[in-house]
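Participant: Okay, structure incoming, though there's no sequence with it:
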């Protein structure tokens with residue numbers, strides 16, 4: 001019988017508080033004037049340097065854009081003047097079409113915590129594909145993977161889908177079926193996939209107002225009916241008081257939502273950790289109002305603990321959504337819940353279908369991933385490397401007196417260039433000057449570190465990373481710190 005791997009020691013949950021307090025003694029005095037004077041010139045220089053080094057990507061883009069919209073398969077892959085096209089990956093490294101090697105901390109927007117082409121995963125997929133790659137019928141691996149997930153998350157039953165977007169979409173439908181309500185509540189600034197009901201109140205410039213108690217519902221782009229947009233209500237992260245007051249107001253209007261969907265730690269704004277007691281308050285409040293609590297673990301599932309953020313923070317949501325790291329690079333998603341939650345699907349009152357749900361290839365990869373790769377030793381290693389990165393970054397910040405602080409949990413982390421603590425979307429939005437973040441990405445790319453562009457994302461480590469790789473990352477960051485303050 002599958003058993004849940006041992007729980008990792010969580011050393012990072014309160015790191016954000018401890019580090020931020022350390023800034024108050026003057027050890028991290030700001031260098032905003034220095035940044036304004038120096039960052040423009042190095043940004044342009046680094047952009048020219050990267051363009052000169054990626055002419056293979058330039059040529060690929062010229063061809064790709066003629067038949068592939070924007071030259072990419074996802075708008076998140078776009079970049080001016082051209083995307084960086086990759087050729088291959090092995091372990092903790094990737095190579096672009098120009099043959100340049102990078103340490104990968106992008107890791108497929110947080111999917112490849114196993115590292116690229118892991119021999120255990122590739123062997124499992126190779127063995128399975130020779131037996132048939134798709135049947136639209138269950139296989140043994142499907143229910144064995146479900147058993148592993150049940151043991152790790154403490155939620156007895158699961159269904160598989162094909163992406164994080166499908167997982168959150170179906171979880172919301174299930175919550176609506178259970179409650180008989182239509183509305184959805186989410187956290188302002190969070191991202192939960194590209195279906196209409198959650199493409200609301202996200203993005204860097206969607207709303208500039210200050211009324212935290214009554215955020216308007218604003219669609220993220222065109223093509224989303226306003227009638228759909230207005231069914232979704234957003235509240236700030238780390239503010240249980242606003243959550244309770246907004247639910248009280250909606251209840252008085254006869255508009256209680258079916259669910260609250262959220263991440264336990266926000267990952268669409270770098271890394272924002274929950275304040276002590278916040279998640280416990282969320283659980284209490286959602287139960288009080290009969291609102292289904294959906295925890296989106298598309299990014300944290302399998303990356304921050306064996307049982308994701310659910311285990312790490314000791315919470316008990318009604319539904320959990322997984323994707324990304326579960327398939328070890330093959331598209332999949334999963335939804336976990338209680339027997340009571342799944343009764344609506346058992347009865348046929350809620351339909352949950354999909355041709356490729358539980359595809360044999362991805363189930364073979366997921367089984368090998370859970371049995372032999374993402375095991376207790378893997379989480380201990382990730383924690384060790386991440387602690388080295390966070391502590392090392394803090395030391396550099398102190399030495400160069402930067403207005404910044406690092407924050408992270410297990411395989412996830414970021415450096416917030418902030419003069420005040422980031423606790424929600426509003427504080428996040430006011431931090432991290434745009435050009436400085438652009439410079440950080442260019443600086444990393446030109447020195448062999450493949451990272452996620454923009455300030456929305458965080459680093460994701462892989463189990464194949466070494467202490468020497470962490471030294472490389474920190475060395476590059478120290479070079480940048482010296483440039484910013486010289």
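Facilitator: Received the coordinates, thanks. All of these numbers come straight from a predicted model, not from anything done at the bench.

Participant: how about the strands of the stretch 1-150 of the chain, start to end?
Facilitator: With DSSP state E, counting those that start in this stretch applied, the stretch 1-150 of the chain shows strands at 86-90, 93-96, 101-104, listed in chain order.

Participant: Out of those strands, indicate the one that is most buried.
Facilitator: Per-residue neighbour counts averaged over each of the strands of the stretch 1-150 of the chain give the maximum for strand 101-104, namely a mean of 21 (mean count of other Cβ atoms under 10 Å). In this view, the C-beta of every residue, glycine as well, is placed from N, C-alpha and C.

Participant: elements contacting that one?
Facilitator: On a contact count with 3 or more Cβ pairs under 8 Å, 6 or more residues apart in numbering; DSSP states H and E, strand 101-104 meets strand 93-96, strand 449-450, helix 467-485.

Participant: Now do the buried residues in the last one.
Facilitator: What that stands for is helix 467-485. Using 16 or more other Cβ atoms under 10 Å as the burial criterion, the residues of helix 467-485 that qualify are 469-470, 472-474, 476-478, 480-481, 483-484.

Participant: low pLDDT regions in the stretch 1-150 of the chain?
Facilitator: Along the stretch 1-150 of the chain, the model assigns pLDDT under 70 to residues 1-40.

Participant: on that earlier part again, I'd like the strands of the stretch 1-150 of the chain as TSV, with distance to residue 159 appended.
Facilitator: Below are the strands of the stretch 1-150 of the chain laid out as TSV (distance: least, Cβ to Cβ, whole Å):
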stretch	distance to residue 159
strand 86-90	30
strand 93-96	32
strand 101-104	31
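
Participant: Please convert the helices and strands packed on strand 101-104 to CSV, extending it with distance to residue 151.
Facilitator: Written out in CSV, the entries for the helices and strands packed on strand 101-104 read as follows (distance: least, Cβ to Cβ, whole Å):
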stretch, distance to residue 151
strand 93-96, 33
strand 449-450, 34
helix 467-485, 31
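
Participant: Compare those and report which one is nearest to residue 402.
Facilitator: Counting by Cβ to Cβ, residue 402 lies closest to helix 467-485 out of the helices and strands packed on strand 101-104; the figure is 6.0 Å.

Participant: got the contact list for that closest one?
Facilitator: Contact partners of helix 467-485, identified using Cβ atoms under 8 Å, 6 or more residues apart in numbering, comprise 31, 34-35, 38-39, 42, 92, 103, 105, 385, 388-389, 392-393, 396-397, 399-402, 415, 436, 439-440, 443-444, 447-449.

Participant: so residue 165 sits right up against residue 197, yeah?
Facilitator: No. With the criterion set as Cβ atoms under 8 Å, residue 165 and residue 197 do not qualify as a contacting pair; they are 10.9 Å apart.

Participant: where along the stretch 151-300 of the chain do the helices fall?
Facilitator: Under the criterion DSSP state H, counting those that start in this stretch, the stretch 151-300 of the chain carries helices at the ranges 164-179, 226-229, 240-252, 278-289.

Participant: out of those, deepest packed?
Facilitator: Ranked by mean neighbour count, with mean count of other Cβ under 10 Å as the criterion, the helices of the stretch 151-300 of the chain are topped by helix 164-179 at a mean of 24.

Participant: From the contact counts, what lies against that one?
Facilitator: In this structure, helix 164-179 packs against strand 157-161, strand 259-262, strand 292-296, strand 319-322, strand 333-337, helix 339-346, with contacts taken as 3+ Cβ pairs under 8 Å, 6+ apart.

Participant: please redo it, this time with the cut-off set to 7 Å
Facilitator: If contacts are counted by 3 or more Cβ pairs under 7 Å, 6 or more residues apart in numbering; DSSP states H and E, helix 164-179 sits against strand 259-262, strand 292-296, strand 319-322, strand 333-337, helix 339-346.

Participant: So which elements touch the fourth one?
Facilitator: Contacting strand 333-337 under the criterion 3+ Cβ pairs under 7 Å, 6+ apart are the following elements: helix 140-153, strand 157-161, helix 164-179, strand 319-322.

Participant: strands paired with the last one, and their directions?
Facilitator: Its sheet considered, strand 319-322 pairs with strand 292-296 (parallel), strand 333-337 (antiparallel) by DSSP bridges.

Participant: Quick check: phi and psi on the closest residue in space to residue 237 that isn't next to it in sequence?
Facilitator: With Cβ to Cβ, 6 or more residues apart in numbering as the criterion, residue 237 has its nearest non-adjacent residue at 4.3 Å, and that residue is residue 424. Dihedral pair for residue 424: phi -160, psi -170, per degrees, to the nearest 10.

Participant: For the longest helix anywhere in the chain, could you pull out the residues that count as buried?
Facilitator: For the chain, the longest helix by residue count, based on DSSP state H, is helix 376-400. Within helix 376-400, the residues scored as buried using 16+ other Cβ under 10 Å are 378-379, 381-383, 385-390, 392-394, 396-397, 400.

Participant: same question, stretch 41-51
Facilitator: 42-43, 46-47, 50.

Participant: circling back: nearest to residue 354, of the strands of the stretch 1-150 of the chain?
Facilitator: Smallest distance to residue 354 across those (Cβ to Cβ): 27.9 Å, for strand 86-90.

Participant: Can you tell me the strand partners of that closest one and which way each runs?
Facilitator: strand 93-96 (antiparallel).

Participant: neighbours of residue 182, just the number please.
Facilitator: Residue 182 sits with 12 neighbouring residues when counted by other Cβ atoms under 10 Å.

Participant: For the residue lying closest to it once chain neighbours are set aside, list the residues it contacts.
Facilitator: Using Cβ to Cβ, 6+ apart and skipping the chain neighbours, the partner closest in space to residue 182 is residue 231 (5.7 Å). Residues in contact with residue 231 (Cβ atoms under 7 Å, 6 or more residues apart in numbering) are 182-184, 197.

Participant: Top of those by number of neighbours, please.
Facilitator: Compared across these, residue 184 has the highest neighbour count, 25 neighbours, by other Cβ under 10 Å.
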